[in-house]
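> sequence-free structure coming up:
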């Protein structure tokens, strides 16, 4: 057995890594870090929700423009072609 203080080994600092957080409501958030770009926080975050959790607006944003529904000021909901005719788009 050697006596004395053990040899210090250098700690390897990761430049790029991700952190995945699973929330109680079922959503999953992924944080992407890159210390070569910034050391203040993540460079990108992604949140994925369970299938039934998205609200109407978020569902519409994920659809292509021609499949979306648009809400008019008077409360009516119209399709892409009618919204374009009315000047909503």
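Looks like it arrived, so ask away. Worth saying up front: this structure is predicted, and the values here are computed from it rather than measured.

> in the protein, which spans are strands?
With strands called from DSSP state E, the chain shows them at 16-22, 28-34, 44-48, 70-71, 77-78.

> would a markdown table of these with distance to residue 3 be doable?
Heads up, the C-betas are built off the backbone N, CA and C, glycines and all. Below are the strands of the chain laid out as a markdown table (distance: least, CB to CB, whole Å):
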| stretch | distance to residue 3 |
| --- | --- |
| strand 16-22 | 38 |
| strand 28-34 | 41 |
| strand 44-48 | 50 |
| strand 70-71 | 77 |
| strand 77-78 | 80 |
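
> which secondary element of the chain has the worst mean pLDDT?
Every helix and strand of the chain was ranked by mean pLDDT, DSSP states H and E. The lowest is helix 56-62, at a mean of 84.

> Pull the contacting residues for the closest residue to residue 49 other than its chain neighbours.
Spatially, and ignoring its direct neighbours in sequence, residue 49 is nearest to residue 27 (4.8 Å; CB to CB, 6 or more residues apart in numbering). Residues in contact with residue 27 (CB atoms under 8 Å, 6 or more residues apart in numbering) are 47, 48, 49, 50, 53.

> what's the answer for residue 19, then?
So residue 19 contacts 30, 31, 33, 42 (CB under 8 Å, 6+ apart).

> Make sure the second one is actually in contact with residue 21.
Yes. Using CB atoms under 8 Å as the test, residue 31 is close enough to residue 21 to be in contact (7.3 Å).

> More neighbours: which of the two?
Set residue 31 next to residue 21 and count neighbours by other CB atoms under 10 Å: residue 31 wins out with 16 against 11.
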